[in-house]
Structure formats: C-alpha cells, structure tokens
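*Asks:* What shape does this take:
(one chain, ligands or ions: 4)
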Amino acid sequence: MSYEQEKQVAIEAALAAAKLCEKVRTERVPESIEKSDKSPVTVADFGSQAVICRAIAAAFPNDLVIGEENAAELRQPTMANQLAQVTSYVQSVVGDVTSDDVLNWIDRGNSEIGERYWTLDPIDGTKGFLRQDQYAVALALVELGEVKLGVLACPALPVDLDRPDGEKGVLFVAVRGEGATMMPLSGGEAQPIRVTAADDVANMRFVESVESGHGDHGRQDAIAKAVGITASSLRMDSQAKYGAVASGRAALYLRLPSPKTPDYREKIWDHAAGTIVVEEAGGRVTDMYGKPLNFSLSAKLVENQGVIVSSGAIHDTVLAALSSGG
Ligand SMILES: Nc1ncnc2c1ncn2[C@@H]1O[C@H](COP(=O)(O)OS(=O)(=O)O)[C@@H](OP(=O)(O)O)[C@H]1O
Ligand SMILES: [Mg+2]
Ligand SMILES: [Mg+2]
Ligand SMILES: [Mg+2]
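*Replies:* Numbering: from 1, shown residues only. Ligands and ions are numbered 1, 2, ... in the order given. Now for the predicted structure:
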C-alpha cells in the first residue's frame with residue numbers, strides 16, 4: 001500500500017499546524033499553562049491538535065488519534081480567554097469555526113489503541129517552543145503495530161545546520177519502504193535523506209535533550225565517548241533530534257532514563273514519527289536494551305526503557321557499551 005492520500009493529508013495538516021504555532025510564537029510571548037503533571041501547554045499546542053484532528057476526521061472519519069493534549073481544562077469557565085485565543089488561531093488557518101468545534105476536535109485526539117491509529121504530538125518540545133528554541137509538530141500513522149508513515153514539521157530548525165542564522169523551517173516525511181525526505185517548510189522539492197556514513201568523521205556528533213530532567217546527560221556523555229565520539233553533544237529540543245540523525249547531521253541520539261524519574265515511560269507520540277524518519281533514512285532505533293520500540297500497547301512505551309537512535313553502523317557498539325555498565 002502506498003499511503004499516498006494519508007501522506008498528503010498528514011503533510012497538509014502538519015504544515016497548517018506549524019503555521020499556527022509560528023503565528024502564536026511571533027505574535028505573543030506564549031503563556032504557559034500548567035497541566036496536572038506540572039508540564040507546560042500553550043494555546044498553540046491546543047490549536048495545533050485541533051487543526052490536525054480536524055484534517056484527519058475529514059479525510060479518514062473512522063481513524064483513531066492518540067494525541068498528547070485533551071480539552072478538559074480548556075472547557076473550564078476560567079479558561080474562556082484561552083479558548084477564545086485558541087479558536088481565533090484555528091480560524092486563522094482553517095476559516096470560520098466555533099469554539100465547540102475546536103474543543104471537539106481536540107478531544108478526537110484521545111482514542112484508545114486500535115488496529116489503525118495516528119499518534120500526534122501537536123507541539124513536541126513545548127519547553128523549547130516557550131524558550132523560542134526547537135520544537136516539532138509530530139504525526140505518525142500506525143497499523144497493526146507498525147509505523148507506516150511519519151511527518152515531522154520543525155519550524156525553528158535551520159535548513160542547513162551549518163548556517164544557524166540562515167533560512168529556518170524543515171519538513172521531514174517518511175513512508176515505510178519508500179525512504180525519507182526533507183524539504184524547506186517554505187516549499188520546494190523534497191530531497192531524499194540518508195543517515196551519516198560510518199567514515200564521516202565530521203558528522204560523528206551526538207544529540208540529546210536540552211532539559212536535564214529528560215535524560216541522563218552524564219551517562220549519555222560517557223557512552224558517546226566509549227563509542228569514539230569526541231565532539232561535545234548538540235542539545236536540541238523535540239524530535240528535531242531524529243531529523244538531525246536521519247539527515248546525517250549527527251550519528252547518534254541518546255535518551256537514557258533520568259535518575260530523577262527512573263520509572264518514566266516514553267510516550268508513543270514522542271517517538272513514532274521520528275522513528276520511521278530515521279529507519280527510512282537507513283538508521284536504527286531501539287530501546288537501551290536493543291529491543292524495538294513497541295508502539296502497539298498503549299499511549300506509553302510500557303515495554304521499553306531509554307531510546308537509542310543511530311545511523312546504524314555504531315548501534316551494536318552503543319548497546320554493548322550500555323550492557324557492560326557504561
Ligand atoms: N522524565 C521524562 N523523561 C523523558 N522524557 C520526558 C520526561 N518528562 C517529559 N518528557 C517528554 O519529553 C518531551 C520533550 O523532550 P525532548 O527531549 O524532545 O525535548 S527537551 O530537549 O527535553 O526539551 C516532552 O514532550 P512535550 O510534552 O511534547 O514537550 C515530554 O513528553
Ligand atoms: Mg507536553
Ligand atoms: Mg513531546
Ligand atoms: Mg507536546
């Protein structure tokens with residue numbers, strides 16, 4: 001199956017959502033709303049989820065969506081201002097809609113796992129977004145447990161990582177069996193991407209989270225050194241890290257459990273789109289024990305701990321360094 005219609009719908013939805021996020025980011029200092037787990041959410045996260053769930057509902061009315069956000073908080077009378085803002089931003093990209101439409105679209109993103117479902121992170125790296133740094137709109141299609149399609153829109157990522165002040169905004173797209181591509185968010189031809197070659201010393205760098213609570217930076221440093229990476233890490237928010245590995249700009253992304261939250265289980269929407277983009281670019285993604293990520297169990301990767309993303313060539317060496325206690 002070619003997934004041509006799914007691909008077009010996913011790309012258009014992610015582009016519209018990215019446009020909404022950039023509008024919020026450039027028009028105001030986005031207000032951070034605290035969720036019950038103390039993590040931040042903004043009007044842009046809600047708007048992005050509404051826009052994408054609307055597009056999926058229109059094209060594939062029976063499809064399930066497992067998204068990060070829900071509208072429970074926004075439905076509270078005390079949140080009327082924020083709801084009006086979200087509605088107005090959604091209107092700016094999709095035309096005249098009501099607040100009720102917006103709330104209902106957001107809540108379409110709270111399905112249970114089924115045979116076929118989309119994972120959606122409307123803003124991956126909300127903390128990065130609030131810092132005016134990296135973030136991604138991440139959408140993936142999973143069928144019978146296998147990721148078939150992934151789209152990552154990264155509005156703040158330089159088109160050329162060597163020119164950080166140059167044009168920004170990159171779209172990564174991958175379809176199972178068809179390879180991965182990247183193109184500027186502003187448009188143009190999609191270019192095939194490949195992970196870095198084993199002998200490409202210049203790109204033998206590794207990427208990791210910005211937030212110290214989302215990984216174990218000390219151990220990540222030690223593992224990278226143990227596999228021969230001498231350059232210091234590139235710290236980047238969001239699944240833009242997967243894009244860096246898929247496009248050959250880094251050989252490794254390490255995400256080891258934070259000592260502060262050893263029982264944390266990763267969320268499927270934080271990894272599904274990135275995983276297929278890297279795999280289709282020739283790379284490998286497993287947990288820290290070498291097991292494939294299992295996206296079919298629940299919203300959490302309950303059977304996996306830690307995430308190792310690599311160009312492939314060094315993957316087994318990384319796993320060996322981890323199992324020998326590095
Ligand atoms: N304890 C812990 N361990 C690992 N991961 C966690 C943890 N807590 C949160 N999260 C998730 O991290 C997502 C963003 O992390 P990133 O590494 O992509 O960005 S960052 O560099 O850390 O900002 C972030 O995604 P968003 O909520 O979409 O921003 C969270 O889902
Ligand atoms: Mg979040
Ligand atoms: Mg996320
Ligand atoms: Mg998010």
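*Asks:* the helices in the stretch 51-200 of the chain, which residues?
*Replies:* 80-94, 99-107, 126-130 (DSSP state H, counting those that start in this stretch).
*Asks:* To ligand 1, which of these lies closest?
*Replies:* Nearest of the helices of the stretch 51-200 of the chain to ligand 1, taken as Cβ to the nearest ligand atom: helix 126-130 at 3.9 Å. (C-beta placed from N, C-alpha, C; glycine too.)
*Asks:* who does that closest one touch, helix- and strand-wise?
*Replies:* Helices and strands touching helix 126-130, as assessed by 3 or more Cβ pairs under 8 Å, 6 or more residues apart in numbering; DSSP states H and E, comprise strand 40-41.
*Asks:* who's in contact with the strand it packs on?
*Replies:* Defining contact as Cβ atoms under 8 Å, 6 or more residues apart in numbering, one finds that strand 40-41 is touched by 32-35, 69, 73, 126-127, 130.
*Asks:* returning to that earlier point: export the helices of the stretch 51-200 of the chain to CSV and tack on mean pLDDT, distance to Met236 and mean neighbour count?
*Replies:* Formatted as CSV, the helices of the stretch 51-200 of the chain follow (pLDDT from 0 to 100; distance: least, Cβ to Cβ, whole Å; neighbours: other Cβ atoms under 10 Å):
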stretch, mean pLDDT, distance to Met236, mean neighbour count
helix 80-94, 97, 26, 18
helix 99-107, 98, 27, 20
helix 126-130, 97, 8, 22
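*Asks:* a markdown table please, covering those helices and showing distance to Glu266.
*Replies:* A markdown table is the format used below for the helices of the stretch 51-200 of the chain (distance: least, Cβ to Cβ, whole Å):
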| stretch | distance to Glu266 |
| --- | --- |
| helix 80-94 | 27 |
| helix 99-107 | 22 |
| helix 126-130 | 16 |
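*Asks:* so which of these gets nearest Gly187?
*Replies:* Minimum separation from Gly187 across these (Cβ to Cβ) falls at helix 80-94, 16.4 Å.
*Asks:* So what are the sheet partners of the top strand by length along the chain and their directions?
*Replies:* Scanning the chain for the strand with the most residues, using DSSP state E, yields strand 146-158. Under the criterion DSSP bridges, strand 146-158 sits next to strand 136-143 (antiparallel), strand 168-175 (antiparallel) in its sheet.
*Asks:* Pick the most deeply packed of the ones you listed.
*Replies:* Among the strands paired with strand 146-158, strand 136-143 has the highest mean neighbour count (mean count of other Cβ atoms under 10 Å), at a mean of 28.
*Asks:* For it, list the C-alpha coordinates in PDB.
*Replies:* Extracted C-alpha coordinates of strand 136-143, given in PDB (Å, rounded to 0.1, in the frame of the first residue of the first chain):
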ATOM      1  CA  ALA A 136       8.300  19.900  16.200                       C
ATOM      2  CA  VAL A 137       4.800  19.000  15.100                       C
ATOM      3  CA  ALA A 138       4.900  15.200  15.000                       C
ATOM      4  CA  LEU A 139       2.300  13.000  13.300                       C
ATOM      5  CA  ALA A 140       2.600   9.200  12.600                       C
ATOM      6  CA  LEU A 141       0.300   6.500  11.300                       C
ATOM      7  CA  VAL A 142       0.500   3.100  12.900                       C
ATOM      8  CA  GLU A 143      -1.200   0.000  11.500                       C
END
